[in-house]
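Trainee: return a 3D structure for these sequence lines:
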Amino acid sequence: MAKNALKSKKIFLIVILVAIFLSFAGPNLLVPGQQHAFAKGTDLEVKYPSLPGVDVPINTNSELPHYIKYIFILLTIISVIIIVIVLIYNGLLYAASTGSPTIMKNAKDGILYAVLGLIILITSVIVLVTVNPQLSIMKIKKVVPEKGVYLEWQDSGGNSSEDYIGVSIPDLENKFADISKVTRLKILNPQELAVTLYDHKNYNYDDNGKIIPSASSTTFKDRTDDSFRVLPVFWKTHTKSIRLKSIGPGVYLYGATLDKERYMTKSEPSLFELNNNVKQIKLEQLPHGATDFSAILHEGTNYVGQCEFIRSIVGGVHSGNISENGKVYTLDEISSGYGKIDDVSSAHVFEIDDNKDNWNGSVTLCPNIDYKDDTDSGINCVTIDKNSFGGHPFFRFLSLKDINLENKVRSIKVDGKFVVALLEKDPSSGKTGECEVFMPYSKFPDLSKEPINKCRPHFYSYFFASFKPCATYFTILPIK
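Mentor: Coordinates of the predicted model:
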């Protein structure tokens, strides 16, 4: 009967290991919004069993967070089943072991280990859901692209697939295995994007960088609708490469080469193919100050993590780190006085309003939830408008310590056309630390669960941790 106790201890150890996995892997891997937006994908050879509360991975477009969430629920169900079996087995063993103290003791030990395992498992799930409330919703926020191309193509067997393309592709056959025919394409936001198809790889250039004389191309642009377009017969079978070229003023992000381009005139929570691959940037403005596009680049998708501010230099109105209009800069050569990040996966994009007459409204920062003062400490809400800070409240990185709100902002109200950023560190020193951006006319009566108030976790024990507010700097940007 000693073997029974040993088995129970092994099961108890397995449950603990599962709990450790759920506690540590879950918060780090189950982050919403980390998948690409593909319409279809190839079916998986392995058929996964259906589970409550989560979609079964069915094709090659099922991303890592989807699999992790599926494994999380699967391991939880398996652990519960094992615990129930151990409880029933040891309960029956205990009932049938009258007169045998050794067997009774082993059965009691088995029940004890099973109960402890159940408690640890339940505690781990509670802690995990507390750290990452998305698990209680059991949904992954899907990021839908707003610019780019959906390409419908067929393989040699006649099977159709539909994939999203956000950057130029020099070799479609290398990108999509077994592609034999491109049937249709759909241009997202066609008024800002021109799409050119080529009948040779590398955009009709040969290995020596010269145009192939017999090559041809066709361009789709200036279309007003974003519906699927059936390609001409020739291009269905002869499209070998595709180039996306953005049109107009805005923010241009590039990879290591200019072929990988993402053109933006508004914020995007994911850069898709350029996630963590942005190496260069360009601000394209209309002449005579007609436009003044700026950006806040973020490390993670959905605008999380550290950030970097990108601004044009406009004489006499505000400072910036981009001096030449239309010039492509590498991220390394841009001044670090506006924050510095190594990877870019999302971006807020907006137009700065340089007209002081339009700087109406205010921003209110409060030390308590629901826009209330903190009567215990005597710290009050602070309302900032164009007359605050000696008439220079905008475009600067200001210390919250100067208004007695360092690490104390619990609610924020933006009444006007302002973009507000709360920062963990002074960007002029390089890194911003945690960075959270609030858009015009937004209201957040309780910031306690926002990233800017959940920094630097302090672990009291294996299962319990506390998070501290960390906003020490802020900036306010008037926008159009």
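Trainee: got the domain ranges for this protein?
Mentor: Listed by automatic domain parsing, the domain ranges of the chain are 2-137, 144-247, 254-351, 356-478.
Trainee: reformat the ones you listed as TSV; add mean pLDDT and mean neighbour count.
Mentor: Heads up, the C-betas are built off the backbone N, CA and C, glycines and all. Listed next are the domains of the chain as TSV, based on pLDDT from 0 to 100; neighbours: other CB atoms under 10 Å:
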stretch	mean pLDDT	mean neighbour count
domain 2-137	63	16
domain 144-247	85	16
domain 254-351	88	18
domain 356-478	88	17
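Trainee: list the strands paired with the host helix or strand of Val251, with their directions.
Mentor: Here Val251 sits within strand 250-254, counting by DSSP states H and E. With DSSP bridges as the test, strand 250-254 is paired with strand 261-264 (antiparallel), strand 280-284 (antiparallel).
Trainee: in CSV: these, plus distance to Phe220.
Mentor: Formatted as CSV, these follow (distance: least, CB to CB, whole Å):
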stretch, distance to Phe220
strand 261-264, 16
strand 280-284, 21
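Trainee: among the ones you listed, which is nearest Lys210?
Mentor: Proximity to Lys210 (CB to CB) singles out strand 261-264 among the strands paired with strand 250-254, at 22.9 Å.
Trainee: CA atoms of the closest one as CSV?
Mentor: Provided in CSV are the C-alpha atoms of strand 261-264 (Å, rounded to 0.1, in the frame of the first residue of the first chain):
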residue,chain,number,x,y,z
GLU,A,261,6.3,49.6,-45.9
ARG,A,262,3.3,50.5,-43.7
TYR,A,263,1.6,53.8,-44.4
MET,A,264,-0.5,55.3,-41.6
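Trainee: now find how far off-centre it is within its chain.
Mentor: The chain centre lies 17 Å from the centre of strand 261-264; the measure is CA atoms, centre = their mean, to the nearest Å.
Trainee: begin at 530, not 1, for the rest of this chat.
Mentor: In the new numbering, first residue 530, that becomes strand 790-793.
Trainee: list the contacts for the closest residue to Val759 other than its chain neighbours?
Mentor: Closest residue to Val759 apart from its sequence neighbours, by CB to CB, 6 or more residues apart in numbering: Arg713 at 5.3 Å. By CB atoms under 8 Å, 6 or more residues apart in numbering, Arg713 lies in contact with Leu680, Glu681, Phe757, Arg758, Val759, Leu760.
Trainee: how close does the residue lying closest to Gly777 once chain neighbours are set aside get to Thr786?
Mentor: The shortest distance from Gly777 to any non-neighbouring residue, by CB to CB, 6+ apart, is to Glu721 (5.9 Å). Separation of Glu721 from Thr786 (CB to CB, to the nearest Å): 21 Å.
Trainee: ditto for Phe838
Mentor: 25 Å.
Trainee: check Asp914 too.
Mentor: 45 Å.
Trainee: now swap in Tyr732 and tell me
Mentor: 12 Å.
Trainee: ok, now Ile648?
Mentor: Distance of Ile648 to Thr786, given as CB to CB: 55 Å.
Trainee: one more: Gly890?
Mentor: Using CB to CB, Gly890 is found at 42 Å from Thr786.
Trainee: same question, Asp700
Mentor: Counting by CB to CB - Asp700 and Thr786 are separated by 14 Å.
Trainee: ok, now Lys637?
Mentor: In terms of CB to CB, Lys637 sits 68 Å off from Thr786.
Trainee: how about stretch 957-967 as PDB, C-alpha atoms only?
Mentor: Output of stretch 957-967 as PDB, limited to C-alpha atoms (Å, rounded to 0.1, in the frame of the first residue of the first chain):
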ATOM      1  CA  SER A 957      14.600  62.800 -22.100                       C
ATOM      2  CA  SER A 958      16.700  60.200 -20.200                       C
ATOM      3  CA  GLY A 959      16.100  57.600 -22.900                       C
ATOM      4  CA  LYS A 960      13.500  54.900 -22.000                       C
ATOM      5  CA  THR A 961      10.000  55.800 -21.000                       C
ATOM      6  CA  GLY A 962       9.300  52.700 -19.000                       C
ATOM      7  CA  GLU A 963       5.600  51.900 -18.900                       C
ATOM      8  CA  CYS A 964       3.600  54.200 -21.200                       C
ATOM      9  CA  GLU A 965      -0.100  54.700 -21.600                       C
ATOM     10  CA  VAL A 966      -1.800  57.000 -24.000                       C
ATOM     11  CA  PHE A 967      -5.300  58.600 -23.600                       C
END
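Trainee: can you confirm Glu691 is in a strand?
Mentor: Yes. Assessed by DSSP: H, G, I helix; E, B strand; the rest coil, Glu691 belongs to a strand.
Trainee: so it sits against Glu681, correct?
Mentor: Yes. Glu691 lies in contact with Glu681 (CB atoms under 8 Å); the separation is 4.8 Å.
Trainee: can you tell me how far the residue located most distally from the centre of the chain sits from Ile640?
Mentor: Centroid-distance maximum for the chain: Gly628 at 62.3 Å, with CA atoms, centre = their mean. Going from Gly628 to Ile640 by CB to CB gives 19 Å.
Trainee: phi first, then psi, for Pro922.
Mentor: Geometry field for Pro922 lists phi and psi as phi -90, psi -10, criterion degrees, to the nearest 10.
Trainee: contact partners for it?
Mentor: Ile913, Asp914, Lys915, Asn916, Ile1005.
Trainee: which two among those are spaced furthest apart?
Mentor: Asn916 and Ile1005 (12.9 Å).
Trainee: close enough to count as contact, Ile640 and Leu616?
Mentor: Yes. Here Ile640 reaches Leu616: they are 6.2 Å apart, a contact under CB under 8 Å.
Trainee: what separates stretch 997-1009 from the chain centre, distance-wise?
Mentor: Counting by CA atoms, centre = their mean, stretch 997-1009 comes out at 20 Å from the chain centroid.
Trainee: in the stretch 780-929 of the chain, which spans are helices?
Mentor: 917-920 (DSSP state H, counting those that start in this stretch).
Trainee: parallel or antiparallel, list what pairs with the longest strand along the chain.
Mentor: The longest strand of the chain (DSSP state E) is strand 708-717. Using DSSP bridges, the strands paired with strand 708-717 are strand 677-684 (antiparallel), strand 757-759 (antiparallel).
Trainee: could you dump those strands to CSV with distance to Phe705?
Mentor: What follows is the strands paired with strand 708-717, written out as CSV (distance: least, CB to CB, whole Å):
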stretch, distance to Phe705
strand 677-684, 6
strand 757-759, 17
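Trainee: out of the ones you listed, nearest to Tyr970?
Mentor: Within the strands paired with strand 708-717, the stretch nearest Tyr970 is strand 677-684; the backing value is 29.0 Å (CB to CB).
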